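Asker: Here is a sequence with its predicted model. Questions after.
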Amino acid sequence: SDTLLVGSNDGSTKEKAISVQSLPEYIGLKVWVTGYIVGGDLTTTAIKFDPPFSTKSNLAIASARGIRERVSCYSVSLPSGTIQTTFNLVENPANLGKKVWVKGTVNAKYLGLVGIESTTEFILE
């Protein structure tokens with residue numbers, strides 16, 4: 001197995017979560033990542049940054065709350081069930097702008113962006 005250590009944060013726990021900008025270094029690995037929810041309704045070419053939202057299965061995170069450029073965003077899959085119900089922006093628009101920690105597998109191209117798929121844990125600040 002591959003191990004990648006960046007400073008003291010290696011993505012192995014919520015407390016050692018990597019920043020979203022580091023995701024490209026972890027392709028194929030299951031890690032914890034932290035960032036801010038900046039949008040939803042992702043497609044392979046677009047992100048919606050303002051409510052109302054219509055897609056429950058994904059959202060966009062970035063390194064800061066105010067980011068509104070697709071190139072600075074990372075995609076997150078919200079699997080059906082508790083994670084999707086609790087964190088999607090359709091039913092929970094107040095989650096927009098909140099800091100999050102997400103655990104899942106880093107994919108090089110989820111909805112056209114580096115992102116998290118197979119999300120297993122999701123925590124709001």
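Answerer: Here it is on my side, so go on.
Asker: For the residue nearest to the spatial centre of the chain, grab phi and psi.
Answerer: Closest to where the C-alpha atoms of the chain average out (C-alpha atoms, centre = their mean) is residue 76, at 3.8 Å. Here is the backbone geometry of residue 76 (degrees, to the nearest 10): phi -130, psi 130.
Asker: surely it meets residue 104?
Answerer: Yes: in this structure residue 76 lies within contact range of residue 104 using C-beta atoms under 8 Å: 7.5 Å. To be clear about C-beta, it is placed using only N, CA and C from the backbone, and glycine gets the same treatment.
Asker: Residues that sit against both of the two, list them.
Answerer: 116, 119 (C-beta atoms under 8 Å, 6 or more residues apart in numbering).
Asker: What residues does the residue nearest to the centre of the chain make contact with?
Answerer: 58-61, 102, 104, 115-116, 119.
Asker: how does it look with 10 Å?
Answerer: 20, 33, 35, 37, 40, 42, 57-61, 83, 87, 100, 102, 104, 110-111, 113, 115-117, 119, 122 (C-beta atoms under 10 Å, 6 or more residues apart in numbering).
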